[in-house]
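Participant: Starting from these lines, generate the structure:
(one chain, ligands or ions: 1)
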Amino acid sequence: MDFEKYQNLHTIIMLKEVIRKWWQAELAFADKHGVVQEWQRGDIVPPPNDFCRLSLLSKEGGRRCGQSVRVLHEKFKGSKRVRRALTHECHLNFTVIGAPLYVDNEYEGLLFIQGFARQPLGEREAQVLKAQIRELTPVDTDLDRAVARVPVMEASELSKLADLLEFAVTEIANYEAELSRKDETITSLSHELSDRYKFEKIIGRSTAMTEVFRLMEKVANSDSTVLINGESGTGKELVARAIHFNGPRKDKPFVVQNCSAFNDNLLESALFGHTRGSFTGALRDKKGLFEVADGGTFFLDEVGDMSPALQVKLLRVLQEGTFIPVGGTHSKEVDVRVIAATHKDLGELVKKGQFREDLYYRINVIRLHLPALRDRREDMAILIDHFLRKHHRENQRTRGLSPEALAILNAYPWPGNIRELENEIERLLVLGGDLEMIPPDLISSRIRDVVIPGGSSLMAPVRTTGKLNEAVEALEREMIQRGLARTQYNKSRLARELGISRSNLILKIAKYGLDRGPEGAEAED
Ligand SMILES: Nc1ncnc2c1ncn2[C@@H]1O[C@H](COP(=O)(O)OP(=O)(O)OP(=O)(O)O)[C@@H](O)[C@H]1O
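Facilitator: Residues are numbered from 1 along each chain as shown. Below you'll find the model as predicted:
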């Protein structure tokens, strides 16, 4: 256990100050082997008691001071039942008081304070003390003055100090417990995230997607740079996350930055960080995202929009794993896997001189192409089904989309790809309320207008050949079916709209088999 990490705990800072101010003593920590690491390293904060200072700074004196602390440590280690503060008289006859630190019922060391007398030193005691210290080390200090300055702690004071030490070890134990709770939460959140980005959560059975999955499996366990190509909303980020969460870096950060979101200066500072004063407003040093992503994966979206200057910096990180923060003089080293994405044709940009060729070859090690939704129509049905389940509210009755609604969705070119489809399904589920089947009327007019310009009929093209009565019947059936969907099976309203009686409408519904059955019947009209 490293006591240094507790030095900044608010309670410990306060405690140290109080102890210094009231008792002229220093709070220190010995580890679970009874070793005071700072002393071992020669990192000694001079204690207010000059005799302790002289002793600690001499070789033999230091050894004896360490031994005194170890005696206390042995007392704690010997009995798990001792949880209160105990005292011991050191080689110079000063008191050491310590309290044991237990974390998770494991003994981790002790917090202690040393170097005070229990009562003012008498003449004889002072003589002995001076002789002892002279034996240990050559003395250049006025020892009479040192005797007068020896901190004295009476019994009542000592019990207060004991309370404070016990309070401090409890605080540290609580802090550790809180940290491990956080660790558990982080681990379980990271499992949840890995679950969410399992390959099976990426929907697609088309040939193009099967190829994507095959490559994803291959690259997940490697460290190579990946370039994902595809229009907006085709799932580039989803695929990048799945690669990260299915690979060895999954417990490390996954960081995303869209390179077209900022101007050049802001992007550079976001990616590489900046030093204080490097530009107006840079009030303190700031870590860049490459540092945040250290050990993990960095998803650089729209990499084709990066300026030539930043392309150079990116190339350096990819090749050497180093970069210099804006305004900085020293380079920093990171271990980051880069997954880049773009909707542009980088090869074309290279030809036009807008993208560095060396960078292009460096990031184009493995390329994944995500097809536009319009080019993988065979995935429409399972995608719709997936989003219906994903956004279905608990207890919602909706079972699906009506055949007419499906026909419209299937005919639409989906320029916004899967994101647009997902948004539309989510919207339909909200608007559909408790309707069992979502009717086409609820589909966004933006989509309907593309599929049926001017809101023309959804029906099959008007028949101009064949038997007239059959064509009339087909038209009648379509009009009733669509009307039922639009009015949510309100037959009285639909009958009025169609200009026929309600009973006539019911007959026609039965004739064309358009009734919803007994379950739906109750909700009608
Ligand atoms: N194959 C898929 N299966 C399930 N959901 C998907 C699939 N592809 C994309 N999505 C969903 O579509 C939405 C858009 O995906 P994503 O943000 O990954 O696209 P993108 O290509 O990175 O978009 P952009 O380039 O605009 O940032 C997300 O909600 C994502 O979960």
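Participant: switch to C-alpha atoms for all contacts and neighbour counts from now on
Facilitator: Fine.
Participant: got the residues of this protein near the ligand?
Facilitator: Selection of the chain residues close to the ligand by C-alpha under 6 Å from any ligand atom yields 202-204, 232-238, 418-419.
Participant: so where does the nearest residue to Tyr102 once chain neighbours are set aside fall, helix or strand?
Facilitator: Nearest residue to Tyr102, sequence neighbours excluded (C-alpha to C-alpha, 6 or more residues apart in numbering): Glu108, at 5.6 Å. Secondary structure from DSSP states H and E places Glu108 in strand 106-116.
Participant: same check, this time on Leu179
Facilitator: helix 155-196.
Participant: In contact with Arg249, which residues are there?
Facilitator: For Arg249, the contacting residues are 295-297, by C-alpha atoms under 8 Å, 6 or more residues apart in numbering.
Participant: Check those residues against the ligand and report the nearest one.
Facilitator: Thr297 (15.2 Å; C-alpha to the nearest ligand atom).
Participant: can you tell me which residues contact the closest one?
Facilitator: Residues in contact with Thr297 (C-alpha under 8 Å, 6+ apart) are 244, 249, 252-255, 336-339.
Participant: quick one: which of the residues of the chain next to the ligand is most hemmed in?
Facilitator: Per-residue neighbour counts (other C-alpha atoms under 10 Å) across these peak at Lys236, which has 25 neighbours.
Participant: Return the distance of stretch 9-20 from the chain's centre.
Facilitator: 33 Å (C-alpha atoms, centre = their mean, to the nearest Å).
Participant: Repeat that for stretch 25-35.
Facilitator: 36 Å.
Participant: low pLDDT regions in the protein?
Facilitator: For the chain, applying pLDDT under 70 flags the ranges 1-5, 7-8, 182-198, 280-282, 453-466, 516-525.
Participant: can you list the domain ranges for it.
Facilitator: As assigned by automatic domain parsing, the chain contains the domains 3-177, 199-371, 373-458, 461-525.
Participant: what's the first-to-last distance across the second one?
Facilitator: End-to-end distance for domain 199-371: 17 Å, by C-alpha to C-alpha, to the nearest Å.
Participant: Run the chain-centre distance for it.
Facilitator: For domain 199-371, the distance to the chain centre is 17 Å (C-alpha atoms, centre = their mean).
Participant: The third one now?
Facilitator: In this view, domain 373-458 has its centroid 32 Å away from the chain centroid, taken as C-alpha atoms, centre = their mean.
Participant: let's number from 208 now, not from 1
Facilitator: All right, first residue 208 from here; so that's domain 580-665.
Participant: In which helix or strand does whichever residue of the stretch 608-732 of the chain sits closest to the ligand reside?
Facilitator: Relative to the ligand, the nearest point of the stretch 608-732 of the chain is Arg626 (4.0 Å; C-alpha to the nearest ligand atom). Arg626 belongs to helix 624-638 when elements are defined using DSSP H and E.
Participant: following that helix, which helix or strand shows up next?
Facilitator: Immediately after helix 624-638, counting by DSSP H and E, sits strand 644-645.
Participant: by contact count, what packs against that next one?
Facilitator: strand 607-608 (3 or more C-alpha pairs under 8 Å, 6 or more residues apart in numbering; DSSP states H and E).
Participant: Contacts for the helix or strand that the strand it packs on is followed by next, please.
Facilitator: Moving toward the C-terminus from strand 607-608, the first helix or strand encountered (DSSP H and E) is helix 610-618. For helix 610-618, the external contacting residues (C-alpha under 8 Å, 6+ apart) are 584, 587, 645-648, 650, 654-655, 658, 665.
Participant: Then stretch 222-234?
Facilitator: By C-alpha under 8 Å, 6+ apart, stretch 222-234 touches 254-256, 318-323, 358, 360, 371, 375.
Participant: Quick one, which of those residues are buried?
Facilitator: Neighbour counting by 16 or more other C-alpha atoms under 10 Å classes 254-256, 318-323, 358, 360, 371, 375 among the contacts of stretch 222-234 as buried.
Participant: Between the residues you listed, which sits nearest Leu422?
Facilitator: Within the buried ones among the contacts of stretch 222-234, proximity to Leu422 (C-alpha to C-alpha) peaks at Ala375, which comes in at 54.7 Å.
Participant: The closest one and Met360, how far apart?
Facilitator: Counting by C-alpha to C-alpha - Ala375 and Met360 are separated by 19 Å.
Participant: and what of Asn312?
Facilitator: 31 Å.
Participant: now swap in Lys228 and tell me
Facilitator: Computed as C-alpha to C-alpha, the Lys228 to Met360 distance reads 13 Å.
Participant: quick one, what contacts the residue of the stretch 408-557 of the chain found nearest the ligand?
Facilitator: Closest approach between the stretch 408-557 of the chain and the ligand, counting by C-alpha to the nearest ligand atom: Gly442, at 3.2 Å. Neighbouring residues of Gly442 by C-alpha under 8 Å, 6+ apart: 577, 625-626.
Participant: three-state assignment of His295?
Facilitator: strand (DSSP: H, G, I helix; E, B strand; the rest coil).
Participant: That one contacts Arg277, doesn't it?
Facilitator: No - His295 is beyond contact range of Arg277, at 10.1 Å (criterion: C-alpha atoms under 8 Å).
Participant: So which of the two has more stuff around it?
Facilitator: It is Arg277, of His295 and Arg277, that has more neighbours when counted by other C-alpha under 10 Å, with 20 against 17.
Participant: What helix or strand is the more buried one located in?
Facilitator: Going by DSSP H and E, Arg277 is in helix 266-285.
Participant: now the residue nearest to the spatial centre of the chain, nearest residue through space, not along the chain?
Facilitator: The centre of the chain sits closest to Pro460, judged by C-alpha atoms, centre = their mean, with a distance of 6.6 Å. For Pro460, ignoring the flanking residues on the chain, the nearest one in space by C-alpha to C-alpha, 6+ apart is Gly503 at 4.8 Å.
Participant: mind listing what the one you found touches?
Facilitator: Residues near Gly503 by C-alpha under 8 Å, 6+ apart: 451, 456-462, 542-544.
Participant: hmm, 6 Å instead?
Facilitator: 456, 459-461, 543 (C-alpha atoms under 6 Å, 6 or more residues apart in numbering).
Participant: Now, those residues that are in strands?
Facilitator: Per DSSP state E, strands hold the following members of these: Phe461.
Participant: quick one: which of the contacts of Gly503 is nearest Thr432?
Facilitator: Val543 (9.7 Å).
Participant: Ile546: what secondary structure?
Facilitator: strand.
Participant: How many residues are close by it?
Facilitator: 29.
Participant: so it sits right up against Ser431, yeah?
Facilitator: No - judged on C-alpha atoms under 6 Å, Ile546 makes no contact with Ser431 at a distance of 8.6 Å.
Participant: who touches both of the two?
Facilitator: Joint contacts of Ile546 and Ser431 (C-alpha under 6 Å, 6+ apart) do not exist.
Participant: returning to that earlier point: which residue is the nearest non-sequential neighbour of the residue of the stretch 608-732 of the chain closest to the ligand?
Facilitator: Here the residue nearest Arg626, using C-alpha to C-alpha, 6+ apart, is Gly440, at 4.8 Å.
Participant: Just list the residues touching that neighbour, thanks.
Facilitator: Per C-alpha under 6 Å, 6+ apart, neighbours of Gly440: 623-626.
Participant: for Leu234, phi and psi?
Facilitator: Backbone torsions for Leu234, taken as degrees, to the nearest 10, come to phi -80, psi 130.
Participant: Nothing else from me, thank you.
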